[in-house]
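[1] got a predicted structure plus its sequence, pasted below:
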Amino acid sequence: MKNLILNAIAVALLLPMVCFSQPSLGMASDFALFTSVGAVTNTGITHVTGNVGTNSGSNTGFGNVNGVMHEGDGVSAQCASNVLAAYNTLNATTPTFFVANLLGNGQIITPGVYSISSATTLNLNLILNAQGNANAVFIFQIQGAFSSGADAQVVLQNGAKACNVFWKIEGLVSLASGTAMKGTIVANNGAINMNSGTTLEGRALTTNGAVTTDGLLVYTPIGCGSPVLNGPTAPNLNSAICYTLFSANGETTNAGVSTIKGDVGTNVGLTTGFDAINVNGLIHPIPDVSTAACAADLLNVYTYLNTLPADIELLYPAQFGNNLVLTPHTYLLNAATVFTDTLFLDAQGNANAVFVIKVYGALTTSTFSNVVLTNGTQAKNVYWKIDGAVEINENSIFKGNIICNNGAVALKTGVNLSGRAFTTAGSMLTNAITATMPLGCTNLGTSINENPNNAIAIYPNPFSSFLTIEINDISRINNATVVLYDTLGREILKSQITKQATTLETSQLVKGLYFYKVISNDTIIQSGKLIAQ
């Protein structure tokens, strides 16, 4: 008798340790919504991260999807096969618990395989407690239809992950408005209906039946061996890294009080309207060696971005934004794009993840548009490649590096830019904005040609009645000239340099900021800024 009792205790202790594993989803792991046979239909604004498809039917009513749409192609055929295999695996898994057909109402579930013999309803909260085991798997085998009450939710606790939760359902799946569902749903011979306000962190897959959605949020879960999204390799900005506002060919003009961190300039035309007091960087009033280098590097950046192959095409450029969520990829919008309301860029915890958004056309935003960076996304890793004009409208909050090709860039009143705005050809217009260059420039305010190797010393700075230019390398004195410009780019003073140290009378100059260039043999060997007091 004693041995029987001990054996019973041992069995009881071992029961929680019964091992079971999640099924292999194969190609289906990339899909958020899928049916092997039937239509996939959406109404309202639904946000999907993951592929959407059917192997026999059509996809209709969706706006921009953060994934690829598939209809009756090789990928959908493989997905159909994988869904059937996953269903068979889940259906054949040996149950560890048998429970009633009403789930939720504060119920706490620990890892296991739960068999329910009839149609099942989820109400209020169902808590999945992984007990500190991040690999814990939850499988629900429902031998009938599955439905949820309004605002019902599955809550993950103590390390539980949506990627480890599976729902095998025989028949119809119907999720009421406001349901917060977690896990991969694999329905057999049943439609899947998800009503407005539903959130699914997981997948909705069926072997046969229509999938209908209405204004919800669906995203494939991460973890459990899912790939870490890095996005494409970022371009090398080289000398452009210290610029915040730049046109390779066009005027760079500001109106109002704009606060800028980073260099400002143009390589063809003038840079005007910026107050040096509000610019934490170098203003290049006229083209110089630095702007020439920046123009060349900008062209290389554009060429690199332009040739990047796109992972995902966003099919409705006129509906861009509207709370769309994007993950690290190269995206294509194949027409002029209207950005309305909010865009979320989700790095999924990878701080080095890169986003590239390629627009073959102009980009316009609504007023108060907003780019929101989540889960580790950094502005320096976001690139907007635009073929056409860019207009960021009033009071917008914009993140990332704008690389515009052959188009004017207008940053309107109240815009807050965390990033850079460049154009290869076109005017750069700003009006009472705030623009902050991302981290990366190690020599802010000096650019590539100011005081290189201390070739020239100009002192004192600030100056009043005189200014001394001392050339350390005597070989550069031949045909050397120093030129001073005001903040409007007008030439104020020009003098030949004939000896190693040249002193200029400057008492006639009004107080304020000036820019200088030292030219030797028709080459700018140094430029920078000076303050008269």
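    Now that the structure is in, tell me what you want to look at.
[2] for this structure, which residues score under the pLDDT cut-off?
    1-21, 443-455, 472-477, 487-488 (pLDDT under 70).
[3] who are the contact partners of Val173?
    145-147, 185, 187, 190-193, 204, 206 (C-beta atoms under 8 Å, 6 or more residues apart in numbering). Just so you know, the C-beta spots here come from the backbone N, C-alpha and C atoms, and that holds for glycine as well.
[4] so Asn162 touches Glu201, yeah?
    No, residue 162 isn't Asn; it's Ala. Yes - the pair Ala162 and Glu201 qualifies as a contact (C-beta atoms under 8 Å) at a distance of 4.3 Å.
[5] shared neighbours of those two, anything?
    Common neighbours of Ala162 and Glu201, using C-beta under 8 Å, 6+ apart, are 182-183, 221.
[6] ok so, going back, any of the contacts of Val173 buried? List them.
    145-147, 185, 187, 190-193, 204, 206 (16 or more other C-beta atoms under 10 Å).
[7] in TSV, list those residues along with distance to Asn405 and secondary structure.
    Formatted as TSV, the buried ones among the contacts of Val173 follow (distance: C-beta to C-beta, whole Å; DSSP: H, G, I helix; E, B strand; the rest coil):
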residue	distance to Asn405	secondary structure
Ala145	54	coil
Phe146	51	strand
Ser147	52	strand
Ile185	44	strand
Ala187	47	strand
Gly190	50	coil
Ala191	47	coil
Ile192	43	strand
Asn193	45	strand
Ala204	40	strand
Thr206	44	strand
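[8] in strands only, show me the shared contacts of Ala162 and Glu201.
    182-183 (DSSP state E).
[9] out of the shared contacts of Ala162 and Glu201, the closest to Val99 would be?
    Gly183 (16.1 Å; C-beta to C-beta).
[10] surely Ser239 is in a helix?
    Yes - the assignment for Ser239 is a helix, going by DSSP: H, G, I helix; E, B strand; the rest coil.
[11] doesn't Cys294 make contact with it?
    Yes - Ser239 lies in contact with Cys294 (C-beta under 8 Å); the separation is 5.2 Å.
[12] neighbour-wise, which of the two wins?
    In this view Ser239 and Cys294 are compared by other C-beta atoms under 10 Å, and Cys294 has more residues nearby, 30 against 21.
[13] contacts for the helix or strand containing the more buried one, please.
    Counting by DSSP states H and E, the element that carries Cys294 is helix 289-307. Outside of helix 289-307, the residues within contact range by C-beta under 8 Å, 6+ apart are 235-240, 243, 246, 248-249, 263, 265-267, 282, 284, 356, 358, 383, 385, 387, 403, 405, 422, 424, 447-450, 523-524, 527.
[14] now list the buried members of these.
    235, 237, 239-240, 243, 246, 248-249, 263, 265-267, 282, 284, 356, 358, 383, 385, 387, 403, 405, 422, 424, 447-450, 524, 527.
[15] spit out the contact partners of Gly256.
    The contact partners of Gly256, taken as C-beta under 8 Å, 6+ apart, are 413, 431-433.
[16] can we see that at 7 Å?
    Shown in contact with Gly256 (C-beta atoms under 7 Å, 6 or more residues apart in numbering): 413, 431-432.
[17] for beta bridges, what are the partners of the residue sitting nearest the centre point of the chain?
    Compute the mean C-alpha point of the chain, and by C-alpha atoms, centre = their mean the closest residue is Leu345, 3.5 Å away. Leu345 has these beta-bridge partners by DSSP bridges: Leu326, Leu373.
[18] look up how far Thr365 lies from it.
    Distance, Leu345 to Thr365, using C-beta to C-beta, to the nearest Å: 15 Å.
[19] Cys163 belongs to a helix, doesn't it?
    Yes - Cys163 forms part of a helix when assessed by three-state DSSP.
[20] what about it, how many residues nearby?
    Cys163: 23 neighbours (other C-beta under 10 Å).
[21] I'd say it and Thr220 touch.
    No - contact criterion C-beta atoms under 7 Å: Cys163 and Thr220 do not qualify, at 8.5 Å.
[22] which stretches of the stretch 51-200 of the chain form helices?
    For the stretch 51-200 of the chain, the helices defined by DSSP state H, counting those that start in this stretch cover 74-92.
[23] which residues touch the closest residue to Phe368 other than its chain neighbours?
    Nearest residue to Phe368, sequence neighbours excluded (C-beta to C-beta, 6 or more residues apart in numbering): Asn395, at 5.0 Å. Neighbouring residues of Asn395 by C-beta under 7 Å, 6+ apart: 367-368, 414.
[24] what is the nearest residue to Tyr87 once chain neighbours are set aside paired to in the beta sheet?
    Sequence neighbours aside, Val186 is the residue nearest to Tyr87 in space, at 5.1 Å (criterion: C-beta to C-beta, 6+ apart). Val186 forms beta bridges with Lys168, Leu205, as assigned by DSSP bridges.
[25] please apply the same query to Ile312.
    Counting by DSSP bridges, Ile312 forms beta bridges with Tyr331.
[26] rewinding a little: and the residue nearest to Phe368, that one's in a helix?
    No - counting by three-state DSSP, Asn395 falls outside a helix, being coil.
[27] and the strands in the stretch 351-500 of the chain?
    Assigned by DSSP state E, counting those that start in this stretch, the stretch 351-500 of the chain shows strands spanning 355-359, 363-365, 370-374, 382-387, 390-392, 397-405, 409-411, 416-423, 428-431, 434-436, 456-459, 466-471, 480-485, 491-497.
[28] can you redo the ones you listed as CSV, where the extra columns are distance to Gly44?
    Formatted as CSV, the strands of the stretch 351-500 of the chain follow (distance: least, C-beta to C-beta, whole Å):
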stretch, distance to Gly44
strand 355-359, 24
strand 363-365, 23
strand 370-374, 21
strand 382-387, 28
strand 390-392, 28
strand 397-405, 26
strand 409-411, 33
strand 416-423, 31
strand 428-431, 37
strand 434-436, 35
strand 456-459, 64
strand 466-471, 67
strand 480-485, 57
strand 491-497, 61
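[29] do you know which of those strands lies nearest Asn158?
    Closest among the strands of the stretch 351-500 of the chain, using C-beta to C-beta: strand 370-374, at 24.1 Å.
[30] that closest one to strand 416-423, inter-axis angle?
    Orientation of strand 370-374 against strand 416-423 (axes from the mean of the first three to the mean of the last three C-alpha atoms, to 10 degrees) gives an angle of 110 degrees.
[31] need the residues that contact strand 370-374.
    Applying C-beta under 7 Å, 6+ apart, the set of residues contacting strand 370-374 from outside is 342-346, 379, 396-400.
[32] can you give me the buried ones in it?
    For strand 370-374, by 16+ other C-beta under 10 Å, it's 370-371, 373.
[33] stretch 496-509 now?
    Within stretch 496-509, the residues scored as buried using 16+ other C-beta under 10 Å are 497, 502, 504, 506, 509.
[34] which of these fall in strands?
    497, 502, 504.
[35] so what's the second one up against?
    Yep, that's Thr502 we're talking about. If you count contacts by C-beta under 7 Å, 6+ apart, Thr502 has them with 469, 495.
[36] does it have beta-bridge partners, and which?
    With DSSP bridges as the criterion, Thr502 is bridged to Ile469.
[37] got it, and Met69?
    Judged by DSSP bridges, the bridge partners of Met69 are Val52.
[38] pretty sure it contacts Val52?
    Yes - under the criterion of C-beta under 7 Å, Met69 makes contact with Val52 at 5.4 Å.
[39] quick one: contacts for Leu467?
    Taking C-beta under 7 Å, 6+ apart as the definition, contacts of Leu467 comprise 458, 504, 506.
[40] 6 Å - rerun?
    Residues near Leu467 by C-beta atoms under 6 Å, 6 or more residues apart in numbering: 504, 506.
[41] understood, closing this out.
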